Structures are given as C-alpha cells and as structure tokens.
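Trainee: got a sequence here, can you build the structure:
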Amino acid sequence: MGMIKNILIVLSVVACLISTSMATPGIATFYTSYVPSACYGNTQEGVMIAAAGDAIWNNGAACGKFVTVKCTGPRNPVPHPCTGANVTVKIVDHCPGCPSTLDLSREAFTKIANPVAGIINIDYF
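Mentor: Numbering: from 1, shown residues only. All right, here's what the predicted structure looks like:
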C-alpha cells in the first residue's frame, strides 16, 4: 500500500509540472457588463466568465470553452496584485482589439488579483 501511495504522489507532482509547463502567458483585464455577449446574446452565463481577445477568439470557436487562469504578476505599479488562486472561466464574449488576452468578469479577476491593479500578467490553460 505504501508503494502505491508513493507512486500516486509522484504522479501528482508530474501532473502539476505538466499542467504548469502547458500554460500560455498572457494579459488579463476585467469588465462589468456581461450581456449581451457575442456567444450567447442576452442569455446570462453566470459571473465566472471572460471575453476572449483576438489571440484566443478564433472566429468564435472559443465560445463555451473553459479556461483556467492564474495571475503571475503586475503590469503596472500596483505591488503584489496576485492572490495565489486560480479561476476557471467560460468564454462567452469577444473583446476585439483589447489590450488583454482575456477580459475577465470583475468577479473572476477579483478571485485571482486585486482589482485595483486593473491589468495583470497571467498564465492560462
């Protein structure tokens, strides 16, 4: 039983390393008006949502996909904006020409960073 437990621990560590290495760096901002959206029109899709920047949008193929996001650091003088948490969001909208890769709902942004920062570096997967 002890050997199986050790193997499971090693596999967990390897899985964490793989998921971290597969993360893509990007930039996140936040928005506060969630409907209408490019994917779902006037249907509310909750508050753990995001609008995809042009790099992710792919002519609407991103609609409905789930992305896990982690704050990795500041992009402006606000020191230590990250909470250390991850958040999983559903892509519900397009943010054409945004300065960010993902425009998170305020609720999602607040889960991973201090909203005073306004813009942060992220990893997403």
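
Trainee: residue ranges with poor pLDDT in this protein?
Mentor: 1-21 (pLDDT under 70).

Trainee: same thing but 90
Mentor: Residues of the chain meeting the criterion pLDDT under 90: 1-22, 99.

Trainee: so where do the helices sit in it?
Mentor: 2-21, 54-57, 106-112 (DSSP state H).

Trainee: list the buried residues of the shortest one.
Mentor: For helix 54-57, burial by neighbour count (16 or more other Cβ atoms under 10 Å) applies to 56, 57. Every C-beta, even on glycine, is put in place using the N, C-alpha and C of the backbone.

Trainee: list of residues touching that helix?
Mentor: Contact partners of helix 54-57, identified using Cβ atoms under 8 Å, 6 or more residues apart in numbering, comprise 26, 62, 67, 91, 94, 95, 96, 97, 98, 101, 102.

Trainee: please indicate which of those are buried?
Mentor: Neighbour-count burial (16+ other Cβ under 10 Å) is assigned, among the contacts of helix 54-57, to 26, 62, 67, 91, 94, 95, 98, 101, 102.

Trainee: among these, which ones are in strands?
Mentor: Counting by DSSP state E, the buried ones among the contacts of helix 54-57 place 26, 67, 91, 94, 102 in strands.

Trainee: that'll do, ta.
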